[in-house]
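*Asks:* When you get a sec, could you give me coordinates for this:
(2 chains)
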Amino acid sequence: MRTRIKQVIEDKFAMLAEQGLLPASDVADSHIISVPKHEQHGDYASNFCLVMASSLKAPPRKIAELLKPELEGEGLFTKVDVAGPGFLNFFLSSAFWQQNLLEIRAQGSGYGSSDEGRGMKVLVEFVSANPTGPLHVGHGRGAAVGDSLCRVLRMAGYDVSSEYYVNDVGNQMQTLGRSVFLRYQEYFGQEIDFPKECYQGDYIRDIARRIAEEQGDKFLDGEPASHLDFFIHEAVSEIFGGIKKDLEDFRVNFDNWFSERTLHESGLVEQTIQELMEAGKIYEKEGALWFRTSDYGDEKDRVVKRSNGVLTYFAADIAYHRNKFERGFQELVDIWGADHHGYVPRVKAAVAAMGFDPDALNVLLLQLVNLIEAGQVKAMTTRGGEFVTLREVMDDVGTDAARFIFLTRRCDSHLDFDLDLARSQSQENPVYYVQYAHARLASVFRTAKEAGVEMKEPEEINLSLLDSPEEIKLMKLLASFPELVAKSASALEPHRISYYLTELAGLLHKYYTTHRFIGDDNSLTQARLLLADVIKTVLKNGLNLLGVNAPEKM
RNA sequence: GCGCCCGUAGCUCAGCCGGAUAGAGCGCCGGACUACGAAUCCGUAGGUCGGGGGUUCGAAUCCCUCCGGGCGCGCCA
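*Replies:* I've put the predicted structure just below:
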């Protein structure tokens, strides 16, 4: 609708310019159609006259007055107002909104879709936690945001793939294997010196105990180094199995699990370094290889191969991002913890140096999650081994509440996750507010069925009965859902969905207390049931974008 | 010291590629079930949008600066 109004204005302007009533001029980019905050400002508003005033050398209101009759003659609006400093306010008839209900109903679970993304291939990479320990709450936020973003992008017409990058090589693997081996020795009563850099969590002991129980003490003999691969393999597969299970229960699915190891094994890392050296973008200094990232906006050059011959994590990441582009993705979204923000410029620099568009790489930085319990921040450190896992939170508050809460904040805002609130099965918990709206409507249909009321075909329903201010307001909000999804997608901001749903649920609850869906007047009942049906659909579609259930009963 | 993010009601936060009178939830206080679910609704109170400058017809929104908080500044990942 917005694009249609915009087009009409620009057409009418061109016509007036042709007639010599206004000077010809290019239309400013800042010309937008918005939905005004106040009802008296109409259903849509245009700032056209304001943004064009200076290039047309005419007062905004005067331009508006010239356009007004032309726009009214279009037949699209019941009224066009010139308001304030020169806004054009457009009023649509209630029939317009009523007809829209049929459209929503026809689209059903597909309502909200658009071709905003035009089939653009997008890769969203998230979580990507090292398989050295269980997922913690911070990863949970990444999982919720990433997964929801994928759903939103898909609905907005993007061709989306989701991916988890598995760091399955490097020092940390050695450290992990060593940590488990030491605990294994400890299990058999040997004196061990457990270094600080080893993984401290109890889960390491659990893995060691399992190995000890299954394999006995046979690894105590001989050179520990020769057993290390076995311990690494056992630890990784157990930990990774746990991660996958956690994500599955959190309703997060990945299209692809990308192993860092394959980048090395395929030779892509070495090949990329070689090519960049030939292009003069990597040079040698003090025995190490350095990438000229400072030529592309980074603070300083970065090492890709250490003087001891070992590749850095960065080296693999360069190849990984190259690989992403070479797989044909046009937009990349990386979701990282905010503590990695210093890493962004160097990866963008690498992308640019390889000849790809650095703006095609979108890095979302997720700020910290603080768990609050009894009004106190629960300490959450990864190093000390004392951390709250995603599993604990999921088991504690449930997947629905956890996901919803993770999606009620902007990415770059710190998140205080109040456990008591999330736990409470009561009014304070925001997720229930929305779910309850859905369940309430489901209940209406159950009641209707019991009363023997069947919904007619939409075409037979007299929609003009839906004309109260509350109904109009609801219908307008319902109509804006596809735009909201599209905007949420292009801005990479899934949290907008949860705000929309809270607003829609609020309107429904309010409506519910002042209007009855089922009454003596059959045609009114029919019209309101259609409205109920459509609201229910939109709530469900929206909750689905968040990965939250839409229950029929609670 | 340098860089990134944040600062909006008592609390937690929306709104931020400029737009009209700045919103919500929680909390406080007061109301509403003999009709579809009260996990709900209605009403009251609550604001120098961190401070200051600038750009503009117009700034919570953009720019500069200062103050406060968080996080980073490895030949770690």
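*Asks:* With adjacent residues omitted, what lies nearest to A:L365?
*Replies:* If the residues on either side of it in the chain are set aside, A:L365 comes closest to A:A338, at 4.4 Å by CB to CB, 6 or more residues apart in numbering. For every residue, glycine as well, the C-beta is placed using N, CA and C.
*Asks:* and that neighbour, how many residues sit next to it?
*Replies:* Other residues near A:A338 come to 14 when the count uses other CB atoms under 10 Å.
*Asks:* quick one, what contacts it?
*Replies:* Taking CB atoms under 8 Å, 6 or more residues apart in numbering, we find A:A338 in contact with A:L365, A:L366, A:Q367, A:L368, A:D412.
*Asks:* Does the last one touch A:Q367 like I think?
*Replies:* I take that to be A:D412. Yes - when contacts are counted by CB atoms under 8 Å, A:D412 is listed as touching A:Q367 (5.8 Å).
*Asks:* neighbour-wise, which of those two wins?
*Replies:* Taking other CB under 10 Å, A:D412 and A:Q367 do not tie; A:Q367 has more neighbours (18 against 11).
*Asks:* Which of the three states applies to the most centrally placed residue in chain A?
*Replies:* Averaging the C-alpha coordinates of chain A gives a centre point, and the residue nearest to it by CA atoms, centre = their mean is A:L149 (2.6 Å). Following DSSP: H, G, I helix; E, B strand; the rest coil, the label given to A:L149 is helix.
*Asks:* Leaving out chain neighbours, which residue sits closest to it?
*Replies:* Of all residues beyond its chain neighbours, the one nearest A:L149 is A:P494 (4.8 Å), with distances taken as CB to CB, 6+ apart.
*Asks:* Next, count neighbours for that neighbour.
*Replies:* Neighbour tally, A:P494, other CB under 10 Å: 28.
*Asks:* What does the pLDDT read for it?
*Replies:* What the model reports as pLDDT for A:P494 is 95.
*Asks:* now A:T382
*Replies:* What the model reports for A:T382 is a pLDDT of 42.
*Asks:* Run through the neighbouring helices and strands of the lowest-mean-pLDDT helix or strand in chain A.
*Replies:* For chain A, counting by mean pLDDT, DSSP states H and E, strand A:376-378 ranks last in confidence among helices and strands (a mean of 74). Helices and strands touching strand A:376-378, as assessed by 3 or more CB pairs under 8 Å, 6 or more residues apart in numbering; DSSP states H and E, comprise strand A:369-373.
*Asks:* buried residues in the strand it packs on?
*Replies:* Applying a neighbour-count criterion of 16 or more other CB atoms under 10 Å, one finds A:V369, A:N370, A:L371, A:I372 buried in strand A:369-373.
*Asks:* Please, where are all the helices along the stretch 451-554 of chain A?
*Replies:* A:469-479, A:481-490, A:495-514, A:522-546 (DSSP state H, counting those that start in this stretch).
*Asks:* okay, those in TSV with distance to A:R440 and mean neighbour count next?
*Replies:* Listed next are the helices of the stretch 451-554 of chain A as TSV, based on distance: least, CB to CB, whole Å; neighbours: other CB atoms under 10 Å:
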stretch	distance to A:R440	mean neighbour count
helix A:469-479	14	19
helix A:481-490	19	21
helix A:495-514	6	18
helix A:522-546	9	22
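*Asks:* So which of those is nearest A:A24?
*Replies:* When the helices of the stretch 451-554 of chain A are compared for distance to A:A24 using CB to CB, the nearest one is helix A:481-490, at 30.9 Å.
*Asks:* orientation of that closest one relative to helix A:522-546 in degrees?
*Replies:* For the pair helix A:481-490 and helix A:522-546, the angle between their directions (axes from the mean of the first three to the mean of the last three CA atoms, to 10 degrees) equals 10 degrees.
*Asks:* picking that back up, for the following helix or strand past the least confident helix or strand of chain A, name the packing helices and strands.
*Replies:* Proceeding C-terminally, strand A:376-378 gives way to helix A:390-397 as the next helix or strand, assigned by DSSP states H and E. When contacts are defined as 3+ CB pairs under 8 Å, 6+ apart, helix A:390-397 packs onto helix A:137-155, helix A:224-249, helix A:419-423.
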